[in-house]
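K.L.:
Sequence first, then the predicted structure, then my questions.
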Amino acid sequence: MYPPSRKDFISLTLTERDGHSYNNSKHWRRQSCWRKWKQLSRLQRSLILFLLALLLVCGIVSYHNLTEQWRGLSDRSVRDDWDGEDSRGLKPFLPGVRPGVLPGAVPGVIPEVIPEPKKQNDLVLPKPPSARKQLPNKRGPPSLQNRLKRGNETDAQAKEKPGAEVKNGGEEEEGGKPVISWRGAVIEADQATEPQPSAKEKDAVPAEAGDGAPVGPVTGRNAERLEAVKEAFRHAWKGYREFAWGHDELKPVSKSYGEWFGLGLTLIDALDTMWILGLKEEFEEARKWVDTELSFSKNVDVNLFESTIRIMGGLLSTYHLSGDSLFFDKAKDIGSRLMPAFKTPSKIPYSDVNIGKGTAHPPRWTSDSTVAEVTSIQLEFRELSRLTQDPRYREAVDEVMRMVHKLEGKQDGLVPMFINTNSGQFTHRGVFTLGARADSYYEYLLKQWLQGGKKETELLEDYVQAIEGVKKNLLRQTIPMKLTFVGELSNGRFSPKMDHLVCFLPGTLALGAHNGLPSDHMDLAKQLMETCYQMYAQMETGLSPEIAHFNMQPRNGRDVEVKPADRHNLLRPETVESLFYLYRFTQDRKYQDWGWEIFQNFNKYTRVPSGGYTSISNVRDPSNPNPRDKMESFFLGETLKYFYLLFSDDMELINLDKYVFNTEAHPFPIWATTP
């Protein structure tokens, strides 16, 4: 028997530099896990993958909500439960305490003018042509026609006024005055105090309005306020000019821009504001861009409503105020390009138009248009017909009003929010609001009647009936202050919810009362004006939320409540607009004072030092309002314009017996006779 054969071998030991022995356990574990995974059925593997994906999505959403504080959520609240709201940090209105002013703040404080940096390559503005083509039917009061001749005498003085510089850190200014800083966005602190009115000013009684004469002298207080608005416009324009020139919207925090239509929306919207404020240099620079850069021959979809009220409306009003035919020619161009929207089976226009291709279509998700959009383009197209002597523009929009006038589905003059472009019938019936998607329908009923010389009685009848419907169905009072507000109705169920957009209504009611409608319209206007002011005053920042809910139960003594998703402020103009109308018709200076408080709070919480103003996400948190990095075009086109008109006692500065504002604050002349 042979012994077993001897086998030679070599023993090899591997060691790592750190002294730990090498092993392949990680690789073994990976192979083991992979084998176990392959042994699972396809259903089990799919279920595990689904759960992992779900956990990932939930984690992302939770992180987003915690860091952005509800930013980007829907503007609409989905709950009406008051008891579940966190009442901490609420600030009820207290008699004797000035609302909207933080503790320790100095009353009557505005930011000082920031000196603009000198540039080596400043644009050289061309001199206005000595003779420009004048078109028929041009209207404009002499006071406005002469405004540009005065130039910027007061502007130059304001620019020479030294201002405090903001240090890079955003924590302290010269003189040790603090500024508020959130996430890299520095908002300027107040720097100058408004002079207190003299005894003569306090005792002065404003003269009665009449014959279009200015009411009373321009007091030191009003002059200071007017100059503050002009400075605010220059500051906003500085940001737009440096970071967003020729684009639609300024993003002031990131010093960039955003596009909607790519048509210079902010610039066009602000043209007539610059004219009214007498900002000659800014106006001429903007005019040069319109002349050399603005073109509507673009393959781009635009919203019919927004482009009509902002672009065509802005160009038409600037033509009327300045008499410059350039703006009329551009308005006629965009107007003709929007006409394909009316080529629908029902004559109810589509919401979107491609102004380059000449085609139109409804939104991708529905064949409906909103009622406000199709019934709030009439002032502009009617005026275009009057100027061009081409009836097709007016015929298209008048047909829409005739159809809506006859439609079933209204409730006491109130209309649903949607209308179908194929059938021409209301959809989503039973839901009634004066907020988004319906608001300007009611506004344009009255204003078309005024524009046409008070001759179209169907429009007036629809307006008066609608106001009666508001009183009957939507009007309620809060507890404990008994604030009158306008809620919403959904299939017979009332909701105490009111959009900031509804704050157009006090001004519209006052305008109607001024033109002979029942006196109780003015009474209601004053009540609603108080409510809209309280939407600002009862917030910690003194700025209104986008949507408010009102207390109708004796629970915790608060009138105005705001849900987390509705706490943003977009620099909207509606409350300032109504303050302007109420002051013009009542001469009660409290409306100017309310507007001044609101203006100061815009400066406190939305002004960005590098130029521009930003919308914010949380009006309930003064320490962190959370800038949204967007300045809507209507801030220059409407909000600052209405502030300036509110603080002016010159009744001829857009005389409301001669002009009617469209829903974007662009004034059109009232026709002497129906064309």
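P.N.:
Looks like it came in fine.
K.L.:
can you pull out the strands in the stretch 301-450 of the chain?
P.N.:
Counting by DSSP state E, counting those that start in this stretch, the stretch 301-450 of the chain has strands at residues 301-303, 352-354, 359-361, 368-370, 418-420, 426-427, 431-432.
K.L.:
Turn these into a markdown table, columns for mean pLDDT and mean neighbour count.
P.N.:
(C-beta placed from N, C-alpha, C; glycine too.) Below are the strands of the stretch 301-450 of the chain laid out as a markdown table (pLDDT from 0 to 100; neighbours: other C-beta atoms under 10 Å):
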| stretch | mean pLDDT | mean neighbour count |
| --- | --- | --- |
| strand 301-303 | 97 | 20 |
| strand 352-354 | 97 | 21 |
| strand 359-361 | 96 | 17 |
| strand 368-370 | 96 | 23 |
| strand 418-420 | 97 | 22 |
| strand 426-427 | 96 | 18 |
| strand 431-432 | 97 | 20 |
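K.L.:
Now tabulate the ones you listed in TSV and tack on distance to Leu277.
P.N.:
As requested, the strands of the stretch 301-450 of the chain are arranged in TSV below (distance: least, C-beta to C-beta, whole Å):
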stretch	distance to Leu277
strand 301-303	28
strand 352-354	32
strand 359-361	36
strand 368-370	32
strand 418-420	38
strand 426-427	42
strand 431-432	38
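K.L.:
Among these, which comes closest to Tyr613?
P.N.:
For Tyr613, the closest of these is strand 301-303, at 23.4 Å, according to C-beta to C-beta.
K.L.:
Go through stretch 477-493 and flag the buried ones.
P.N.:
Neighbour-count burial for stretch 477-493, with 16 or more other C-beta atoms under 10 Å as criterion, is recorded at Thr478, Ile479, Met481, Leu483, Thr484, Phe485, Val486, Gly487, Glu488, Leu489.
K.L.:
So for the first one, what's the nearest residue that isn't a sequence neighbour?
P.N.:
Taking C-beta to C-beta, 6 or more residues apart in numbering as the measure, Thr478 lies nearest to Asp559, with 4.2 Å between them; neighbours along the chain are not counted.
K.L.:
cool, the fifth one as well?
P.N.:
Once flanking residues are discounted, Thr484 sits nearest to Gln527: 4.0 Å by C-beta to C-beta, 6+ apart.
K.L.:
pretty sure the one you found is touching Lys482, no?
P.N.:
No. Using C-beta atoms under 8 Å as the test, Gln527 is too far from Lys482 to be in contact (9.2 Å).
K.L.:
quick one on the thing from earlier: please identify which of the buried residues of stretch 477-493 is nearest to Ala513.
P.N.:
Among the buried residues of stretch 477-493, and counting by C-beta to C-beta, the member closest to Ala513 is Thr484, at 15.8 Å.
K.L.:
residue contacts, that closest one?
P.N.:
Neighbouring residues of Thr484 by C-beta atoms under 8 Å, 6 or more residues apart in numbering: Leu475, Arg476, Gln477, Leu524, Gln527, Leu528, Glu530, Thr531.
K.L.:
Can you give me the neighbour number for Val57?
P.N.:
10 (other C-beta atoms under 10 Å).
K.L.:
who does the helix or strand where it lies touch, helix- and strand-wise?
P.N.:
Remark: Val57 resides in helix 42-68, with elements defined by DSSP states H and E. Here helix 42-68 touches no other helix or strand, going by 3 or more C-beta pairs under 8 Å, 6 or more residues apart in numbering; DSSP states H and E.
K.L.:
List the buried residues for it?
P.N.:
Going by 16+ other C-beta under 10 Å, helix 42-68 has no buried residues at all.
K.L.:
State the mean pLDDT of that helix.
P.N.:
On average, the pLDDT along helix 42-68 is 74.
K.L.:
Kindly report the same for stretch 565-580.
P.N.:
98.
K.L.:
now it: how far from the chain's centre is it?
P.N.:
In terms of C-alpha atoms, centre = their mean, to the nearest Å, the centre of stretch 565-580 is set 7 Å apart from its chain centre.
K.L.:
residues contacting Glu373?
P.N.:
Contacts of Glu373 by C-beta under 8 Å, 6+ apart are Asn303, Leu304, Phe305, Ser351, Arg437.
K.L.:
low-scoring stretches of this protein, by residue?
P.N.:
1-35, 61-219, 673-675 (pLDDT under 70).
K.L.:
Mind telling me which residue is nearest the centre of it?
P.N.:
Nearest residue to the geometric centre of the chain (C-alpha atoms, centre = their mean): Arg572, 3.6 Å.
K.L.:
Which residue, neighbours along the chain excluded, lies closest to that residue?
P.N.:
His500 (5.5 Å).
K.L.:
Wait, the one you found touches Ser544, no?
P.N.:
Yes. With contact defined as C-beta under 8 Å, His500 reaches Ser544; the gap is 5.3 Å.
K.L.:
neighbour-wise, which of these two wins?
P.N.:
Neighbour totals were compared for His500 and Ser544, and Ser544 leads with 28 against 23 (other C-beta under 10 Å).
K.L.:
Grab the nearest non-local neighbour of the more buried one.
P.N.:
Spatial nearest neighbour of Ser544, excluding adjacent residues (C-beta to C-beta, 6+ apart): Met535 at 4.2 Å.
K.L.:
Is that neighbour within a helix or a strand, and which one?
P.N.:
Here Met535 is assigned to helix 519-537, by DSSP H and E.
K.L.:
Relative to whichever helix or strand comes after that helix, what are the paired strands and their orientations?
P.N.:
As assigned by DSSP H and E, the chain's next helix or strand after helix 519-537 is strand 547-550. Taking DSSP bridges as the criterion, strand 547-550 pairs within the sheet with strand 497-499 (antiparallel), strand 560-561 (antiparallel).
K.L.:
how about these, which one is nearest Ala341?
P.N.:
strand 497-499 (25.8 Å).
K.L.:
who's in contact with the closest one?
P.N.:
77, 80, 433-436, 439, 485-488, 531, 546-550.
K.L.:
again, only using 10 Å
P.N.:
Strand 497-499 has contacts (C-beta atoms under 10 Å, 6 or more residues apart in numbering) with 75-77, 80, 433-437, 439, 474, 476, 485-488, 490, 505, 528, 531-532, 535, 545-550, 560, 563, 566, 572, 574.
K.L.:
Counting neighbours, which of those end up buried?
P.N.:
Members of those classed as buried by 16+ other C-beta under 10 Å are 77, 433-437, 439, 474, 485-488, 505, 528, 531-532, 535, 545-550, 560, 563, 566, 572, 574.
K.L.:
ok, which pair from the contacts of Glu373 is furthest apart?
P.N.:
Leu304 and Arg437 (14.3 Å).
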